[in-house]
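> Pasting a predicted model and its sequence here:
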Amino acid sequence: MSCPAEQTSFHPAEQAACLKMIAPRSKAAFLLFTIRITSDQLSDISRMMRRRLLSLWLAIIFLFLACGAFADETQTAIPPYLQGPVNIQLRNGKSFTNVTIEEATPGQAADTFVKLRVFDPAAGKRTLLGASAIKQITNLSGDTLLVYNTKVRALTPANFDRLHAGRTPQETGTDKKLADSSKNRPTRAELLESARRQRYEEERRKFHERTGVWLWPLLTPEQHQQALAETKEYLKSVSEKFPSLGLRLNETQYYLFLTDLPPAAAQNYISCLDRMHEELCKAFAITDKQSVWLGGKAPVVAFSRGDSFAEFEREFFKHEVNPQQVQGLAHLASNGVVIISFHAGQDPLYLAGVIVHETTHGFIHRYKSPIIIPNWLNEGIADWVAMTVVRGDSGVRRKIKAGIERARQTGSLGPNFFTADNIAAEQYGLASAMVDFLLRLKPKAFRDLIDSIKSGQKWDVALKKTYGLTPEELTHQFGLSIGVPNLQP
């Protein structure tokens, strides 16, 4: 049925037909603007004027329709926790990455959404998504913001069911009324933490664009818990591989220490590790000390016997070691996993230094980014920290003394000191002595040096930037400090 263009009075059935044709999704809004014109009211108006009036009326109606004035659903302001870039995972397996939510249509219950309009800046496209098409929405740090809830057939916060448990139908909105959503929105602390993670993720992205290096991601508490559970499961598999050893798991604030060492001895080494962790966090200005390791705690596997250590390396890392030559190792993975292993050897104090040395390698690996610092600097830091933390161990000091004496005799730091992937054992003393020299020369610049290297700069460029020295100039100044004025790299 067509809408009568010149009729001065609409029959109810005709009016309904017009509504259905013109604005089937906007009946309520349309009726607000419906002008009921009768023959009596227009008896004094000419037929031409009536046509013009009706034409004007229809033009107004279609203008509002074109502008979207009769949307069938109410748009709402985007909640703070949905502002900023998000990732959207669809139920069909596809996803939208780093998009923004421009419009959110609320559902009948508080804190629910039935439709979203998202903008993808990379593609320059906008997409309208129904709630049922979405599996979950997370921020760029991985925090879950919304999930599809089959009970209410809408997107809700992940803790929606718990928050609404025991509430009346009127409170949950099942009576078609919107409840006060402020009660169920994330707390101020949660919003601040989410904002902090989003800022960090944005910093990671910009940092990568600028340097080509990805900073380590900032894990959520849930991700840390999962990593911790996986680490404990791994250590359980180690225990099962060595059932006769009776390995015990000692859990501290920063470490998971699996060992068959006597309890008193194990406690001494654990104390060294905790002290080392505190000192390094202080040196590198790390305030969130629990976030250094995946899961908040690094696994350390300590054996009483060298043959057990060798078997562990062979079984779990396919790595053949001679326990007479190697007492400890730091296993560093590109995904951030760090595993420390060692055996007791003969000297308890020397062992304490080995534990701290190897764990320091793990700490440096987890600092800022996966970028590997030069070996001379890495070994020098590890020995320097061991010397500082394990004060009763004179092993590092002996190596420093021997290294300086060798430099005086040869006039050199030794073959490929600055460029070797692994410096020679006799060069460790000079490496830790040079780290000590740099720390005494400019303490703050030392951290800046590590930061610059971890940010992707070549170490010699970073040295020039932070200390104003070339490798040759560093060698000369270091040589002067140890009484070898013509020391060569």
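Thanks, I have it.

> low-scoring stretches of the stretch 151-300 of the chain, by residue?
Scanning the stretch 151-300 of the chain for pLDDT under 70 picks out 159-186.

> Can you show me the helices along it?
Ranges of helices in the stretch 151-300 of the chain, per DSSP state H, counting those that start in this stretch, are 160-164, 169-172, 188-211, 221-241, 263-283.

> Now do the last one: which elements does it pack against?
For helix 263-283, the helices and strands in contact under the criterion 3 or more C-beta pairs under 8 Å, 6 or more residues apart in numbering; DSSP states H and E are strand 248-251, strand 255-259, strand 298-303, helix 348-366, helix 375-389. Backbone N, C-alpha and C define where each C-beta goes, glycine included.

> Figure out which of these is closest to Leu129.
The closest of those to Leu129 is helix 348-366. By C-beta to C-beta, the value is 37.8 Å.

> how's this structure carved up into domains?
Following automatic domain parsing, the chain resolves into domains at 12-66, 80-177, 221-481.

> Which of these sits closest to Gln488?
Ranking these by distance to Gln488, with C-beta to C-beta as the measure, places domain 221-481 first at 4.8 Å.

> how far does that closest one stretch from start to finish?
From the first residue to the last, domain 221-481 extends over 47 Å; the measure is C-alpha to C-alpha, to the nearest Å.

> repeat for stretch 279-296
17 Å.

> Closest to the geometric centre of the protein, which residue is that? Let me know.
What sits nearest the mean C-alpha location of the chain, by C-alpha atoms, centre = their mean, is Leu218, with 2.6 Å.

> Once you drop chain neighbours, what's closest to that residue?
Of all residues not flanking Leu218 in the chain, Tyr200 sits nearest, at 4.8 Å (C-beta to C-beta, 6 or more residues apart in numbering).

> Can you name the residues bridging to Gly328?
Assessed by DSSP bridges, Gly328 has beta-bridge partners Phe342.

> Burial check on it, number of neighbours?
Here the neighbour count serves as a burial measure; for Gly328 (other C-beta atoms under 10 Å) it reads 21.

> Mind pulling up the pLDDT for it?
Here the pLDDT value assigned to Gly328 is 94.

> Am I right that it is in contact with Phe342?
Yes. Taking contacts as C-beta atoms under 8 Å, Gly328 lies within contact range of Phe342: 3.3 Å.

> Pretty sure the residue nearest to Leu218 sits against Ser141.
Yes. At 6.9 Å, Tyr200 and Ser141 qualify as touching, with contact defined as C-beta under 8 Å.

> thinking again about what came up before, how about the domains of the chain, which one is nearest Pro489?
Among those, domain 221-481 comes nearest to Pro489, with 4.9 Å by C-beta to C-beta.

> Give me the distance between the closest one and the centre of its chain.
If you compare the mean C-alpha spot of domain 221-481 with that of the full chain, they lie 24 Å apart, counting by C-alpha atoms, centre = their mean, to the nearest Å.

> Adjust the sequence numbering to begin at 617 for everything that follows.
All set: I'll call the first residue 617, so the last point we hit is now domain 837-1097.

> Three-state assignment for the nearest residue to Phe712 once chain neighbours are set aside, please.
Nearest residue to Phe712 in three dimensions, chain neighbours excluded: Ile704, at 4.2 Å (C-beta to C-beta, 6+ apart). In the three-state summary, Ile704 is assigned as strand, counting by DSSP: H, G, I helix; E, B strand; the rest coil.

> Neighbours of Leu745, how many?
Leu745 has 18 neighbours, counted by other C-beta under 10 Å.

> I'd assumed it was in a strand, is it?
Yes. Residue assignment for Leu745, taken from three-state DSSP, places it within a strand.

> so who does Ala918 touch?
By C-beta atoms under 8 Å, 6 or more residues apart in numbering, the contact set of Ala918 is 873-877, 882, 885, 957-960, 971.

> how does it look with 10 Å?
The contact partners of Ala918, by C-beta atoms under 10 Å, 6 or more residues apart in numbering, come to 863, 866, 873-877, 881-882, 885-886, 924-925, 944, 956-960, 967, 971.

> What of Gln841?
Gln841 makes contact with 835, 911-912, according to C-beta under 10 Å, 6+ apart.

> which helices and strands does the one helix or strand Thr1082 maps to pack with?
Counting by DSSP states H and E, the secondary-structure element that holds Thr1082 is helix 1075-1083. Counting contacts by 3 or more C-beta pairs under 10 Å, 6 or more residues apart in numbering; DSSP states H and E, helix 1075-1083 is packed against helix 991-1005, helix 1044-1057, helix 1059-1070, helix 1087-1097.

> quick one: which of the ones you listed is nearest Ile750?
When the helices and strands packed on helix 1075-1083 are ranked by distance to Ile750, counting by C-beta to C-beta, first place goes to helix 1059-1070 at 37.6 Å.

> Give the buried residues for that closest one.
Buried residues in helix 1059-1070, defined by neighbour count with 16 or more other C-beta atoms under 10 Å: 1061-1062, 1065-1070.

> Return it as PDB; C-alpha atoms alone will do.
These are the backbone C-alpha positions of helix 1059-1070, laid out as PDB (Å, rounded to 0.1, in the frame of the first residue of the first chain):
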ATOM      1  CA  PRO A1059      77.700   5.400  38.900                       C
ATOM      2  CA  LYS A1060      74.500   6.800  37.200                       C
ATOM      3  CA  ALA A1061      76.100   6.600  33.700                       C
ATOM      4  CA  PHE A1062      76.500   2.800  34.200                       C
ATOM      5  CA  ARG A1063      72.800   2.200  34.400                       C
ATOM      6  CA  ASP A1064      72.300   4.500  31.400                       C
ATOM      7  CA  LEU A1065      74.900   2.400  29.500                       C
ATOM      8  CA  ILE A1066      73.000  -0.800  30.200                       C
ATOM      9  CA  ASP A1067      69.700   0.900  29.300                       C
ATOM     10  CA  SER A1068      71.100   2.200  26.000                       C
ATOM     11  CA  ILE A1069      72.400  -1.300  25.000                       C
ATOM     12  CA  LYS A1070      69.100  -2.900  26.000                       C
END
